[in-house]
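[1] just need the structure, nothing else, for what follows:
(2 chains)
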Amino acid sequence: MGVSAFSDEWARQFKDEVNRSSTYKSAAKGWKWSVGLVVEAEPDKNFPESKGVVMDLFDGSARDITVGTAADAQKCDFVITAPYTRWKQVATKELDATKGILQGKLKLKGDLPTIVRYTKASQEMTECTTRVPVEWPDEK
Amino acid sequence: MARRKIETDKAVDYADPEPSAFASMLGGLIDANIANSPAKRKDFDELGARVGIWVTDIDEGVTLEFHRGSLIVHNGLKPKRDITIRAEAETVMNLSNLRIGLFGMPVYYDEVGRGVAAKLVQRKLRIDGMLGNIATVNTVTRIFSVR
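    Just a heads-up that it's a prediction; the model follows:
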């Protein structure tokens, strides 16, 4: 059985997945910026309030990943914003995050050359989210 | 009444009132690259070309109109392009990750370079107009590259 989407337990398991990934460890060498994911509310999907995932990432490892408010995530160096349904598509491999950003389905804020330099790391980060078994609120 | 030319300091501008996400991203990337690197700025100031980029797996593209020191980014492919790059999203991102080596040539022997070269061989990366415009392809690659 999965953990509740974007819950504290989900964040813990996501962090463990990131730290287990040797691909992420090598691809994110030198990374020293925080990343915030804003998950916008979709009340009709049983996701009534926006949430923010704050990722403290440093040199190939996740020092901490926590779930708070959207405002918490918006303070990060890089912020990716999308409605709940989009994030679900990313986490279930229906939507590739790189394509999603190029199509504007995921909105990226932050220094573009830096994020492009770490494309492989961000792809692996997305892969890590897909490895966490999740119970989605709109499927309850 | 004489028409006054509107001067703008912006190196990168957008042709469409609502630039697509891809157009904004490429324009933003080039803007940041030339601001951060005098060598890229020099390339930018010398480049006059119309470059199309088509991302095959999202069916979106842009046309980059370089005017020796300024760039206009158009949504979609526009006519009269000197070169057109067609590739999947991942390959387009990898083009921005090519290292630049001796004499300003892109490096094709490291991991990213080998991946890009393999896509060229497999025709998953196509550069229409490359043969007559090798220098333009290399200059555009240098301006794109975040390395």
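[2] nearest residue to whatever residue of chain B ends up closest to chain A in space, please, no chain neighbours.
    Proximity of chain B to chain A (CB to the nearest CB) peaks at B:A21, 2.8 Å away. To be clear about C-beta, it is placed using only N, CA and C from the backbone, and glycine gets the same treatment. Among residues not flanking B:A21 along the chain, A:G104 sits closest, at 2.8 Å (CB to CB, 6 or more residues apart in numbering or on different chains).
[3] before we move on, back to that, which residues touch the residue of chain B closest to chain A?
    A:101-105, A:107 (CB atoms under 8 Å, 6 or more residues apart in numbering or on different chains).
[4] tell me which of these fall in helices.
    A:101-102 (DSSP state H).
[5] does A:P113 touch B:A35 like I think?
    No: contact criterion CB atoms under 8 Å: A:P113 and B:A35 do not qualify, at 9.6 Å.
[6] skipping its backbone neighbours, what lies nearest A:A71 in space?
    A:G52 (6.8 Å).
[7] assumed the one you found was part of a strand.
    Yes: under DSSP: H, G, I helix; E, B strand; the rest coil, A:G52 sits within a strand.
[8] so it bridges to which residues?
    A:V38, A:G68 (DSSP bridges).
[9] from chain B, how far out is it?
    For A:G52, the distance to chain B equals 21 Å [CB to the nearest CB, to the nearest Å].
[10] got the contact list for that residue?
    A:G52 makes contact with A:36-39, A:67-74 under the criterion CB under 8 Å, 6+ apart.
[11] separation between it and A:L37?
    Per CB to CB, to the nearest Å, A:G52 is found 7 Å from A:L37.
[12] from chain A, which residue is nearest to chain B?
    Residue nearest to chain B within chain A (CB to the nearest CB): A:G104, separated by 2.8 Å.
[13] now do the lengthiest helix in chain B: distance to the chain's middle.
    Identified as the longest helix of chain B according to DSSP H is helix B:21-36. Relative to its chain's centre, helix B:21-36 lies at 9 Å (CA atoms, centre = their mean, to the nearest Å).
[14] next, the distance between the ends of stretch A:89-103.
    Criterion CA to CA, to the nearest Å; first-to-last residue distance in stretch A:89-103 is 14 Å.
[15] mind listing what's buried along that stretch?
    A:89-91, A:95-103 (16 or more other CB atoms under 10 Å in any protein chain shown).
[16] and stretch A:99-116, by the same measure?
    Buried residues in stretch A:99-116, counted by 16+ other CB under 10 Å: A:99-108, A:111-116.
[17] what's near enough to touch the residue nearest to A:D111 when sequence neighbours are not counted?
    Spatial nearest neighbour of A:D111, chain neighbours left out: B:A32 (6.7 Å); criterion: CB to CB, 6+ apart. Contacts for B:A32 (CB under 8 Å, 6+ apart) come out as A:111-113.
[18] surely A:G100 touches A:L106?
    Yes: counting by CB under 8 Å, A:L106 is a contact partner of A:G100 at 4.2 Å.
[19] now do the shared contacts for those two.
    By CB under 8 Å, 6+ apart, A:G100 and A:L106 have these common neighbours: A:82, A:86, A:90.
[20] many thanks, we can stop here.
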